[in-house]
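Chemist: heads up, no residue letters with this:
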């Protein structure tokens, strides 16, 4: 993080507030990936479930619907703004779901109880010490418990990131340095082999890591222009490219918005801008 900002500071600052305000946009964008995650997560009625990096609560609430009132779901995150949104959504849930508790906690070190299943949609890549975090998760799983999560494959395979990024980079005075190995960030586990070794080193005896590709909708609207405007907002304000222009001068920001709008317009069809997302779907037990 720039300036030595910790993950807790980052997700409780302006970025966390921005994500909280855009919860509906992000949830809609990730629907195909969320569906794939739950298709593989072995939930059963009455389970106790931990949602890691639960954010604004979409996956936590979905788990609660699936396991029913005999179970319980804990959603853990370090972002107070996102958790505030998550808690506000509980009252709107239909009867019949499991009780939900949202806790502000760092899963790397917190003791949250014991669980039949743990899951995460893009929440495991930001620990300061991944080995310690996965070992702690293994300890919190009951015998026979499973960890199922999504993480991103390389940036170059994620067109929803690389297409707008390639439009912005020529405008920057210098190319950003790549992140140091094994540091918090969205593409931390792009290489599957070190991830599998890390999980086995944390005590998981059985690990699978399967490639998952889905087209995701970055923006929708009544017209292609409206959809493109939303997609540009997602690309420059919410996604992994947001750091490129977060502190840019106003004229550079305007140039970046124009360039990204132009390139994303080419992917607009029927009031939606769709691009390919490439993930690992990981299971460990």
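Modeler: Arrived safely. Every value quoted in this text rests on a predicted model; they were computed, and no experiment measured them.
Chemist: List of residues touching stretch 26-34?
Modeler: For stretch 26-34, the external contacting residues (Cβ atoms under 8 Å, 6 or more residues apart in numbering) are 19, 55-56, 58-59, 62, 121-122, 150, 212, 214-218, 220, 234, 238, 277, 279. Just so you know, the C-beta spots here come from the backbone N, C-alpha and C atoms, and that holds for glycine as well.
Chemist: mind redoing it with 6 Å?
Modeler: Outside stretch 26-34, the residues within contact range by Cβ atoms under 6 Å, 6 or more residues apart in numbering are 58, 150, 214, 216-217.
Chemist: What of stretch 220-231?
Modeler: For stretch 220-231, contacts defined as Cβ under 6 Å, 6+ apart pick out 218-219, 261, 264-265, 268, 271-273.
Chemist: Next, the buried residues of it.
Modeler: For stretch 220-231, burial by neighbour count (16 or more other Cβ atoms under 10 Å) applies to 220-221, 224, 227-231.
Chemist: Can you give me the neighbour number for the residue nearest to residue 171 when sequence neighbours are not counted?
Modeler: Counting by Cβ to Cβ, 6 or more residues apart in numbering, residue 171 lies nearest to residue 255, which is 5.2 Å off, once chain neighbours are set aside. Using other Cβ atoms under 10 Å, residue 255 is surrounded by 18 other residues.
Chemist: Could you check which helix or strand contains residue 282?
Modeler: According to DSSP states H and E, residue 282 maps onto strand 272-284.
Chemist: Remind me what that strand packs against, helices and strands.
Modeler: Contact here means 3 or more Cβ pairs under 6 Å, 6 or more residues apart in numbering; DSSP states H and E; on that basis strand 272-284 packs against strand 141-152, helix 159-168, strand 207-220, helix 224-233.
Chemist: What are the buried residues along the third one?
Modeler: Under the neighbour-count criterion of 16+ other Cβ under 10 Å, strand 207-220 has 207, 209, 212, 214, 216-220 buried.
Chemist: What strands line up against that strand, and which way round?
Modeler: strand 272-284 (antiparallel) (DSSP bridges).
Chemist: and the angle from the partner strand to helix 224-233?
Modeler: 40 degrees (axes from the mean of the first three to the mean of the last three Cα atoms, to 10 degrees).
Chemist: gap between strand 272-284 and the chain center?
Modeler: Taking Cα atoms, centre = their mean, to the nearest Å, the mean C-alpha location of strand 272-284 is offset from the chain mean by 11 Å.
Chemist: repeat for stretch 98-117
Modeler: Mean-position distance between stretch 98-117 and its chain equals 17 Å (Cα atoms, centre = their mean).
Chemist: what does it rub up against?
Modeler: 43, 47-50, 52, 60, 64, 67, 69, 71-76, 78, 80, 83, 86-87, 90, 127, 132-133, 140-142, 145-146.
Chemist: Buried subset of these as a PyMOL selection?
Modeler: Under the burial definition 16+ other Cβ under 10 Å, those of the contacts of stretch 98-117 that qualify are selected in PyMOL by:
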select buried, resi 43+47+48+49+50+52+60+64+67+71+72+73+74+75+76+78+83+86+90+127+133+140+141+145+146
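Chemist: where do the helices sit along this structure?
Modeler: Assigned by DSSP state H, the chain shows helices spanning 7-12, 14-21, 23-29, 31-40, 58-67, 80-90, 130-140, 159-168, 192-201, 224-233, 242-245, 250-265.
Chemist: If we go by neighbour counts, what in the longest one is buried?
Modeler: Taking 16+ other Cβ under 10 Å as the basis for neighbour counts, the residues of helix 250-265 that come out buried are 252, 255-257, 259-261, 263-265.
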